[in-house]
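[1] here is a sequence with its predicted model. Questions after.
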Amino acid sequence: MASVSLRKITKRYKDTEVLHDVSLDIADREFMILVGPSGCGKSTLLRMIAGLEECTEGEIVIDGAIVNHLPPREREIAMVFQDYALYPHMTVEQNMSFGLRLRKLPKSQIDARVKDAANILQIQPLLKRKPSQLSGGQRQRVAIGRAIVRKPKVFLFDEPLSNLDAKLREEMRIEIAKLHQRLQTTIIYVTHDQVEAMTLGSRMAVVNGGRIQQMGPPEEVFCRPANRFVAGFIGSPTMNFVRGAFSDIGEGPRFKDDVMSVDLPPLVDGELRKALLDGKPRPAVLGVRPDDVYVMQTEPKDAALATVEVVELLGHRKNLHLKAGKGKLLATVDASFAGAPGDRVSIAFNPGRLHLFDEATQERIALEARTAPRQGAQPTA
Amino acid sequence: MNETDARAVYQKALKAHRFRERAALAAVHVGLVFYVLLSVYPLLRIFSVSLRPGDRIISTDLSLIPAGASFLSYMKVLHETNFLFWLWNSLIITCATSAIGVSLAAAAAYAFSRFRFPGHKTGLTLLLGNEMIPAAMLLLPLFLMIMKLGLINTYLGMIIAYSVTSLPFSIWILKGYYDTIPKSLEEAALVDGTTRFGAFIRIILPLSTPALAIAFLFNFTQAWNEYLVARVVLTDARMYTWTLGLFELQGQYLTQWGMFAAASILVTIPVLGVFLYSSKWLISGLTLGGVKG
């Protein structure tokens, strides 16, 4: 068990810089998720912690010691690879005991550790088999077992579930969560799957373009995304973005686009509030999650209108693809909703869950938390 | 068309299809049998000559075991010539060449497969280019080098000459095979606690046995059958390899064809043994299951 710190890490391949000045502190026993799209640099970051890649600049600190100069074997870490990376010519037992044999542990201790890990992961009957005789899920269990037996200071997981089918992925996700509760070891887990990111980690770092965009507990990242990228990346279905402008002449901020006008909760930033008194609208992007779009089949006079384009039944929910003016919106509604393509519907937004982003910087413009709705979306006057 | 007619048409078409399939298969087999006969016939003729009494190479008798067949030629080649010396020399040179050649190639190929260094691409191209130079053209520089090293008429001279000439092909074969082994296996081994060299020995080499076996066989057969370099480097009759020794049996006026054939048959035995032994290593699919396919 150990803490891990990354201090101003930069990684360059010739002229291409893939990680820019990344700093990250992971506490002892913490389950940290690194999440981001493919090619964002999250796996490179993990491989640098493992010692499989060198940092161009910056320091990696494990358990208080700078480890930049140490080879992987001296960092006391264990890694579970995306493609399992089991040694094909060895049995499951030999795979699991490989690291212990290299450390010349007594045979009795090796056997005991392998047996313990096999019990935890329920792979005792597979110990004499070769990897080619195992299913995908079994191989991933063995790969995790190989990491457990080492009793490392830090576990590194590099998209371990991405090669499994949906059902198996769900099972293994729960297994990994239980494993962390049981072992209480520091885990750094890389994934591009936001369900894994939301459910597994105690904290997550959203990475994009070689930079950490936001770091915090999953609820915070979901409810208060730091910028438009995080808002769009975290959450499924993805957040709706409406381009327009907002202003506040003392009656409370209001967002407008070509078809709707939305009352917003008060702005947190007092300076910005004062600046807005000039009456000049500021370009902005309004973010609304599909769950926070209310769709009504009645047409109240003061509601914005939209046309249903496509209806997708997901089981207990329905995704409605709507056309509102020039823009498109996605709304997730109850499966009992009877709307069909071509129907005219009125829409409103949950005002307590609106997100506002600066058009130029894409950064979040903080709004005060509000639970009681003041007013939904209205047609633009 | 009613159902009975449709069924009859289908049955007829099915019969014709099956006939075509069988005919094609039979044609392929006839071709293969012809090819096998073509390959085996010279060997059978030599075997027949080795059993023939006297030193007759030409005979109207086409039978495999000729009339009056005996192993006299075999006895004579073993007892009346230096055949066993030649065989011993060949074995020492060939085994050492194969072992050294494969070891050097295994390490060099790993470097070419896993590391990117200045001259990586040029090196590989030069190795390939070297393979395209006829052996006869290399003869003089090779002889001069071995002579300057004072290695004429020595095992070491022959071993060096053979090892380096087989190296480019072996490197290419092994590099190609290493490229198919996922890097994550080595990385897992590095994280598990081994060094880069340890990962090479414990993970890469055991997984590369088919390619290593091919490289070994190539080195072995090349060195075993080589004549030209041996002719230049070895001048002392006691140091002759079997390829040189065999020509001792060829006189100006008389060639001892029976002994020549018997010796030719005898020298195939070690190669045959090595091939049969290596075949168990020539299995594919060793890396199956290690990573997600």
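    Done, it's in.

[2] shaky segments in the stretch 251-381 of chain A?
    Using pLDDT under 70 as the threshold, the predicted model of the stretch 251-381 of chain A has low-confidence ranges A:299-302, A:370-381.

[3] so where do the helices sit in it?
    In the stretch 251-381 of chain A, the helices defined using DSSP state H, counting those that start in this stretch lie at A:270-276.

[4] of all residues in it, which one is closest to chain B?
    Of all residues in the stretch 251-381 of chain A, residue A:314 sits closest to chain B, with a separation of 28.7 Å (CB to the nearest CB). C-beta coordinates here come from the backbone N, C-alpha and C atoms, glycine included.

[5] burial count for residue A:105?
    Around residue A:105 sit 16 other residues, with neighbours defined as other CB atoms under 10 Å in any protein chain shown.

[6] quick check: residue B:98 touching residue B:220?
    Yes - contact between residue B:98 and residue B:220 holds when scored by CB atoms under 8 Å: they sit 4.6 Å apart.

[7] check contacts around residue 264.
    Answering for chain A, as no chain was given. Contacts for residue A:264 were tallied using CB atoms under 8 Å, 6 or more residues apart in numbering or on different chains; they are A:246, A:252, A:253, A:254, A:255, A:351, A:354, A:356, A:367.

[8] right idea, wrong chain: chain B
    Residues near residue B:264 by CB under 8 Å, 6+ apart: B:46, B:50, B:246.

[9] just confirm the last one is within a helix.
    Yes - counting by DSSP: H, G, I helix; E, B strand; the rest coil, one finds residue B:246 located in a helix.

[10] residues contacting it?
    Going by CB under 8 Å, 6+ apart, residue B:246 touches B:86, B:260, B:263, B:264, B:267.

[11] closest one of those to chain A?
    Top of the list for closeness to chain A, among the contacts of residue B:246 and by CB to the nearest CB, is residue B:267 at 35.3 Å.

[12] tell me if I'm right that the closest one and residue B:245 touch.
    No - judged on CB under 8 Å, residue B:267 makes no contact with residue B:245 at a distance of 9.5 Å.

[13] residue in the stretch 151-300 of chain A with the shortest distance to chain B?
    Scanning the stretch 151-300 of chain A for the residue nearest chain B gives residue A:163, at 4.3 Å (criterion: CB to the nearest CB).

[14] ok, how many other residues are close to that residue?
    The burial metric for residue A:163, expressed as a neighbour count using other CB under 10 Å, is 18.

[15] what are the contacting residues of the strand or helix carrying residue B:75?
    Element membership for residue B:75, per DSSP states H and E: helix B:72-79. Surrounding helix B:72-79, the residues in contact under the criterion CB under 8 Å, 6+ apart are B:50-53, B:83-84, B:249, B:256, B:258-259, B:261-263, B:265-266.

[16] rerun that using 6 Å as the cut-off
    With contact meaning CB atoms under 6 Å, 6 or more residues apart in numbering or on different chains, helix B:72-79 is reached by B:50, B:83, B:258, B:259, B:262, B:263.

[17] on that earlier part again, dump the contacts of residue B:264 into JSON lines; add pLDDT as well.
    As requested, those are exported to JSON lines (pLDDT from 0 to 100):
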{"residue": "B:46", "pLDDT": "91"}
{"residue": "B:50", "pLDDT": "90"}
{"residue": "B:246", "pLDDT": "89"}
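
[18] the more surrounded of residue B:98 and residue B:220?
    Neighbours were tallied for residue B:98 and for residue B:220 using other CB under 10 Å; the higher tally belongs to residue B:98 (26 against 23).

[19] tell me the contacts of that one?
    For residue B:98, counting by CB under 6 Å, 6+ apart, the contacting residues are B:216, B:219, B:220.

[20] same thing with residue A:290?
    Listed by CB under 6 Å, 6+ apart, the contact set of residue A:290 reads A:237, A:330, A:331, A:332.

[21] hmm, back to that, out of the contacts of residue B:246, grab the one that's most surrounded.
    When the contacts of residue B:246 are compared by neighbour count (other CB under 10 Å), residue B:263 ends up highest, at 25 neighbours.

[22] part of a helix, is residue A:78?
    No - the secondary structure assignment for residue A:78 gives strand rather than a helix, going by three-state DSSP.

[23] my guess is it contacts residue A:154, does it?
    No - at 7.7 Å, residue A:78 does not count as touching residue A:154 under the criterion of CB atoms under 6 Å.

[24] between the two, which one's more packed in?
    Neighbour comparison, residue A:78 and residue A:154: the larger count goes to residue A:78, with 27 against 24 (by other CB under 10 Å).

[25] assign residue 152 to helix, strand or coil.
    No chain in the question, so chain A it is. When the structure is split into helix, strand and coil by three-state DSSP, residue A:152 lands in coil.

[26] my question was about chain B
    In terms of secondary structure, residue B:152 is coil; the call rests on three-state DSSP.

[27] now it: how far from chain A?
    With distances taken as CB to the nearest CB, to the nearest Å, residue B:152 is found 44 Å from chain A.

[28] neighbours of that residue, how many?
    Burial of residue B:152, expressed as a neighbour count using other CB under 10 Å, amounts to 17.

[29] for it, list the residues it contacts.
    residue B:233 are the contacts of residue B:152 under CB under 6 Å, 6+ apart.
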